[in-house]
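**Student:** Kindly return the folded structure for what I paste below:
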Amino acid sequence: MAYDAPFSTITRRSPSLRGDASAALSLGSVGLAVAVFALVWSGGFGIETVVAAAVPYAIIAAIVLSRIETFHPHERFGAANGVTLARAIINCLLIGLLAGLLTGGDGVVAGWRVGAEWLFFAAAIFSLSLDGVDGFLARRQGLASRFGARFDVEIDAMLLSTLAIAAWTFGTAGPWVIAMGATYYAFLASRAVISWLRPDLPPSLLRKAVCVLQGAALIVLVTPFIPANLANVLAAVALSALWLSFGRDVLWLWRARQ
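**Tutor:** This next block holds a predicted model:
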């Protein structure tokens, strides 16, 4: 999860862009609704899954529509943003599944009995596997933008936070594992009140490597058969690397504050 792509003002606007984004979001809402109601209809999950998946998607849609015209200087929503939106849909489904797990969902899908934790694991793998595809498409199609970069960052953060909460929920790590997802949001909150934390950070291979480590570690942590002792060691290593990366960037911003 890179965190060096804050929104910055872009003056160009496209009259057709908002409509394109609205169409993509509407199509995405249909896809999410079909997936969620299939889970509910199967009998494995309840209304809490619907609510838990719908609320974050509604928030994402509202933010996209409020930001895209200002920060995406292109005529089209683009395939890259479409991939990021698909990841957002999967992540919302993961939140719905997690809510179902917390309320005793049994994971029966269309007559096939599948452990709910395995269902969660498979969806998480799929979401993570799409990471990087959006950036590749944006560069290939010449549709890269500040909006697309930040959209990708926030969906990454959403996934990692969900996986961290799931690792605690599944009992593979203690509640402290939530810090793996919360650290990014703590950094954003600090940026809101500390002005010298707001400038853009330079690209960093270390930051990218730590992001990959976080995703890989959290995927392992939500694997149903992972031993608790191994999970705690892996989570501790990943969290230490994350804090090292954030500390390094905070130090860089402190030195560059003037």
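
**Student:** could you list every residue that touches residue 82?
**Tutor:** residue 24 (CB atoms under 8 Å, 6 or more residues apart in numbering). Where C-beta positions appear, they are placed from N, C-alpha and C, glycine not excepted.

**Student:** That one should be in a strand, yeah?
**Tutor:** No - Residue 82 is assigned helix when assessed by DSSP: H, G, I helix; E, B strand; the rest coil, not a strand.

**Student:** Next, find the distance separating it from residue 53.
**Tutor:** 19 Å (CB to CB, to the nearest Å).

**Student:** Could you double-check that residue 223 sits in contact with residue 121?
**Tutor:** Yes - at 6.0 Å, residue 223 and residue 121 qualify as touching, with contact defined as CB atoms under 8 Å.

**Student:** Same drill for these two, tell me which one is more crowded.
**Tutor:** residue 121 (22 against 16; other CB atoms under 10 Å).

**Student:** quick one: what helix or strand has the more buried one in it?
**Tutor:** Assigned by DSSP states H and E, residue 121 falls within helix 116-129.

**Student:** do residue 223 as well
**Tutor:** Residue-wise, residue 223 maps onto no helix or strand under DSSP H and E.

**Student:** Show the residue spans covered by the helices in the stretch 51-200 of the chain.
**Tutor:** Here the stretch 51-200 of the chain has its helices, by DSSP state H, counting those that start in this stretch, at 79-102, 116-129, 133-141, 146-169, 179-193.

**Student:** From the chain's centroid, how far away is stretch 234-249?
**Tutor:** Offset of stretch 234-249 from its chain centre (CA atoms, centre = their mean, to the nearest Å): 18 Å.

**Student:** buried ones in it?
**Tutor:** 234-235, 238-239, 241-242, 245-246, 249 (16 or more other CB atoms under 10 Å).

**Student:** Looking at those, which are in helices?
**Tutor:** 234-235, 238-239, 241-242, 245-246, 249 (DSSP state H).
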